[in-house]
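1. mind folding the following:
(2 chains)
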Amino acid sequence: MAGKGGAGRSSVAAALGICFAARGDNALVVEWTHPEAIAPWFGKPPAGHQAIELVPRLWAMNYSLDETLREYFVGHLGMRLLHDRVIASRHVRRLIHAAPGIAELLFCGRLFWLAELARDEVGIHYDRIVIDAPATGHGAALFELPSTLAAFDLGGLLRLESTRLARMLADPERTGAVVVALPEELAIEETLELLPRLERALGRAPLGVIVNHSVDRFVSGEESPAWLARLEASRPASSPALRGVHVELLGRKARERDLHHALAGAEAPGLGVLSMDEALLAPEADGARRIVERMARDLDGWLPR
Amino acid sequence: MTARLHVLLGQGGVGKTTLAAALALALSREGRRVGLLGIDPARRLQGALGLGGCRRKTTAAVLAGAEAPVAGPGELPEEPIAVAGFPGLGVALLRPEQSLRRWVAEQCPDEAARRALVENPFFIALADRMASAADAFAGIRVAEWAERDPALDDLVVDTAPGLHGLSFVARPDQLLAFLRGRLLRWLGHFAWGRKRHGATARRVLGGLADVGGAGVLLRLGEFALLLQEVAATMTARLERARTWLRDGTTGLLLVAAPRPDAAAGVRGLAEALRELGLAPGAVVLNRALPPELADGEAIPDPEGEGEARAFVRYLRGFAALQGRVRAELSALGRVVEIEAAEGLDSLGEARLEALCRLGARMIEALRAGALLAPRRA
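-> So this is what the prediction gives:
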């Protein structure tokens, strides 16, 4: 799940996880954020770095750089001595935390481990891993890692790891990107910048675009509807504010149209565009869990079986 | 530092960039000398100022009269440019790759060393690729700005979303520790092929070489060595940025919007700031409903059409959500509400004026709560 911060990536990621779990897959949703969002929606304590099961077959975890380092060196490579003496040393940890990109590399390495190695090493198997990519750089940086790493003149284990990672990302059977967008001006611009960037990095178009907080179905687009005039007449003091809210909703509808228009001109992404209704327009005010469950039903109708 | 620093932090999509642009424009309208630095790697600032690329190509119109060379449509340059109608305001976007290249050009007198540095793969990766590189250099850039413009009154800094934005305040410490640390010197020795390391150094370097290969260490060492010239200036600037961030006039504004996760986001940021020894300033609740609509139940049931009913349902849902969010936020700090602004949908000059009005309301609200540090003499 790539996309601008605040677009609702976590909600869509959780909804996708619910959808996969309902279809019988073992699904893991990976966050890399603070504070952790998804597990608390299900009434659970934050999962932290170790995945917990939220509902049957739906798991969640929140990536931690230091934990990953420890697992990689101690658990995966069996190099406890190297980890304790070298990696965990103050100087090397400073290097790792300060050097840009290292955290992203290890994040991807962790994903590879979860996808490919966890079954053999610790007996955990996930059929689906949904990644709530970090908002920084829209998550596109994750897919750009292989080409970045190629410039590093890597040897030893890191070369092996990065080659495997590049293969996983390049394989359309194993990896796909979905962009979460908002019907707001800046967010649409960013989405339209992100799509070609992802396509370059992946070597193929993202699977689709999900427009969150859509009001398209509810708003006719009429600029001064009679009902708004009646509402304003009943609350004269609030008239400018009511008009302001209406203008905001009209704008959202227009921005969504812009996005559809722009995407229609581009080569169509695999699944096209799915609009998710603004949660505040739902018949009853819902908690986050109900909202993502409703999203999961929309996704279920959208995703091929 | 004589200028005030305003840092806007918050989750993605809450309107940080818009408010940063608004605050800078309004401060400039008060006759102050203001800098506006976007460090969000998503480069949202140009869109907020109406310089966005895809739907509107209004750069030329908005920036007509700019003193400095103007970049192409949708491109804000790394060095400050003027904005027409707002004298004393300079806007720039943090572009670490360009800043780094400029610093190298300014501080690396030897042509061969300069070339070796810009061709080093670590330099290239650092400069071009990594999403997190932007905030790593923001502290340096901020200090450089104040250094180069001693008459500056205010510097407004937009940040990356969520906790990533904290890198801006945390990185100076991390980078300083790294630049001053022994590792960099060891790596430099390694690149020279000197065998003068102590036992610990040999173990560290040997272990790293096992994992990443000796080539990567040589490159890293070479990079460390070549960077030394530039690093001395970087270190000095980081020191100043660090001091400036802890200065009593610096405002760390936590921006939120009426969203279910607003309180959790602000709490996370405030806790992380305190861990860094920094005091969070006001919580800015952006895009709030005005008080007369904030009580959703007071909105009458509409008659007839589905669209009207959906509209009122939305208003009530929004009002209820805002009430919950406000209550949760006020437990975390002083909350300043900023109502949704009109006119941000307009173009060019009208948009800048709308932003400026928004910024003036923000300044007024912050001053009313004594949340804006007093001006310096």
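
2. CA only for contacts and neighbour counts going forward, please
-> OK.

3. not counting its own residues, what contacts stretch B:262-282?
-> A:34-35, B:9-11, B:162-163, B:166, B:170, B:245-246, B:251-256, B:283, B:325, B:328-329, B:332-336, B:366, B:371 (C-alpha atoms under 8 Å, 6 or more residues apart in numbering or on different chains).

4. of the residues you listed, select the buried ones using a ChimeraX command.
-> Applying 16 or more other C-alpha atoms under 10 Å in any protein chain shown to the contacts of stretch B:262-282, the buried members can be selected in ChimeraX as follows:
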select /A:34,35 /B:9,10,11,162,163,166,170,245,251,252,253,254,255,256,283,325,328,329,332,333,334,335,336,366,371
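
5. out of the contacts of stretch B:262-282, which sit inside strands?
-> Residues of these located in strands (DSSP state E): B:9-10, B:251-256, B:283, B:335-336.

6. tell me the buried residues in stretch B:298-314?
-> For stretch B:298-314, by 16+ other C-alpha under 10 Å, it's B:299, B:302, B:307-314.

7. need those residues in JSON lines with distance to A:Glu223, can you?
-> As requested, the buried residues of stretch B:298-314 are exported to JSON lines (distance: C-alpha to C-alpha, whole Å):
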{"residue": "B:Ile299", "distance to A:Glu223": "21"}
{"residue": "B:Pro302", "distance to A:Glu223": "18"}
{"residue": "B:Glu307", "distance to A:Glu223": "13"}
{"residue": "B:Ala308", "distance to A:Glu223": "13"}
{"residue": "B:Arg309", "distance to A:Glu223": "16"}
{"residue": "B:Ala310", "distance to A:Glu223": "16"}
{"residue": "B:Phe311", "distance to A:Glu223": "14"}
{"residue": "B:Val312", "distance to A:Glu223": "16"}
{"residue": "B:Arg313", "distance to A:Glu223": "19"}
{"residue": "B:Tyr314", "distance to A:Glu223": "17"}
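
8. filter those by proximity to chain A?
-> Applying C-alpha under 8 Å from any C-alpha of the partner chain to the buried residues of stretch B:298-314, one finds that B:299, B:302, B:307-308, B:310-311, B:313-314 fall near chain A.

9. which ones are touching A:Val74?
-> With contact set as C-alpha under 8 Å, 6+ apart, A:Val74 has these partners: A:80, A:83.

10. is it true that it lies in a strand?
-> No. If the criterion is DSSP: H, G, I helix; E, B strand; the rest coil, then A:Val74 is helix and not within a strand.

11. gap between it and chain B?
-> Separation of A:Val74 from chain B (C-alpha to the nearest C-alpha, to the nearest Å) stands at 13 Å.

12. check that residue and give its pLDDT.
-> Per-residue pLDDT puts A:Val74 at 87.

13. how about the helices in the stretch 201-305 of chain A?
-> Using DSSP state H, counting those that start in this stretch, the helices of the stretch 201-305 of chain A run over A:226-234, A:239-265, A:288-302.

14. which parts of the longest one are buried?
-> Spelled out, that is helix A:239-265. Buried, per 16+ other C-alpha under 10 Å, within helix A:239-265: A:239, A:241-256, A:258-260, A:263.

15. ok, and of those residues, which contact chain B?
-> Checking the buried residues of helix A:239-265 against chain B (C-alpha under 8 Å from any C-alpha), the matches are A:241, A:244, A:246, A:251.

16. now do the contacts for the first one.
-> It refers to A:Ala241. A:Ala241 neighbours (C-alpha under 8 Å, 6+ apart): B:289-290, B:293.
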